[in-house]
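Engineer: test case, fold it:
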Amino acid sequence: MASTDTTPAQDAGSVEAGLDALETTATGRASLRQTLVNKVLPPVIAIAVVLVVWQGLISFEIVDNPSKLPSPGDVWHVLRQSWLEGTLLGYIWTSVSRGLLGFCFALLIGTPLGLLVARVKFVRAAIGPILSGLQSLPSVAWVPPAVIWLGLNNSMMYAVILLGAVPSIANGLVSGVDQVPPLFLRAGRTMGATGLKGTWHITLPAALPGYVAGMKQGWAFSWRSLMAAEIIASFPDLGVGLGQLLENARTASDMAMVFEAILLILFVGIAIDLLVFSPLERWVLRSRGLLVRS
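Structural biologist: Here you go, the predicted structure:
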């Protein structure tokens, strides 16, 4: 008769296998219907509710002054006219190109700065509080000195973006590095990953969740800083971006154009988040087993 005795190691393996089976969920590509119901329908409903309420304020004469609140139809007419005139994409591209280029510069500066602050105690004590203070400083505060220092040009725009975004990126990376388990660093040193090699192969990958959060916040600060700079420091040679469009609409007291500019600014912010940062966040979470593909 065969023996049915099992060793403790076999028992532990069986328990672990059972737990893994419980945590395992069926994966596969979501159906078109699931995608429509779970991801497309909710924002469509939200937009529809906003439009109904907006139109209701006009139709029931709760707000009967078009100079204060234009109807959705008036705003759509202005958007359509800008599209037909070929200026709509120009407004968007002028601001988006500046914002993305400035954000890339901010990444190049904020990443090594964040690593330096996170790893060197003297540097953290010296400039860590300054970075936190700069992060809470409104971006619009940098526009007047940037204009005085650099003049009305693209360099001024990029300077405002950098001053708004670099602290957020650096602080996000510092937060991520602080949350790296010491065991990872010791294991890396044991395998010879020290210095720059350890930073590249151990520290940065382990700190990626905090770093991505800092990048996302840094982009938000970049976009806000750019809009503030375009609104305040308008100049014909700079071209007409979304901030300048908003300021032109305010000067002309054209509320339909004001809402056009606001909606375009909102659209760009949402689009960048959906196309860049949301997929990046999902990839980071999924690579750590914190998000199950559905």
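
Engineer: please make it C-alpha for all contacts and neighbour counts, starting now.
Structural biologist: Will do.

Engineer: mind listing the helices for the stretch 101-250 of the chain?
Structural biologist: Using DSSP state H, counting those that start in this stretch, the helices found in the stretch 101-250 of the chain span residues 121-136, 143-150, 154-178, 182-190, 195-198, 204-206, 208-232, 242-251.

Engineer: among the ones you listed, which is nearest residue 275?
Structural biologist: Among those, the nearest to residue 275 by CA to CA is helix 208-232 (12.1 Å).

Engineer: for that closest one, packing partners?
Structural biologist: Counting contacts by 3 or more CA pairs under 8 Å, 6 or more residues apart in numbering; DSSP states H and E, helix 208-232 packs against helix 88-119, helix 143-150, helix 154-178, helix 242-251, helix 278-287.

Engineer: the same query, at a cut-off of 7 Å, please.
Structural biologist: Contacts defined by 3 or more CA pairs under 7 Å, 6 or more residues apart in numbering; DSSP states H and E place helix 208-232 against helix 88-119, helix 154-178, helix 242-251.

Engineer: tell me the most buried of those?
Structural biologist: helix 154-178 (a mean of 26; mean count of other CA atoms under 10 Å).

Engineer: can I get the helices of the stretch 101-250 of the chain in CSV with distance to residue 49 and mean pLDDT?
Structural biologist: Conversion of the helices of the stretch 101-250 of the chain to CSV gives the following (distance: least, CA to CA, whole Å; pLDDT from 0 to 100):
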stretch, distance to residue 49, mean pLDDT
helix 121-136, 34, 90
helix 143-150, 37, 90
helix 154-178, 34, 91
helix 182-190, 49, 76
helix 195-198, 52, 72
helix 204-206, 42, 82
helix 208-232, 26, 91
helix 242-251, 25, 91
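
Engineer: ok so, going back, a markdown table for the helices and strands packed on helix 208-232, including distance to residue 187?
Structural biologist: Putting these into a markdown table (distance: least, CA to CA, whole Å) gives the following:
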| stretch | distance to residue 187 |
| --- | --- |
| helix 88-119 | 17 |
| helix 154-178 | 16 |
| helix 242-251 | 50 |
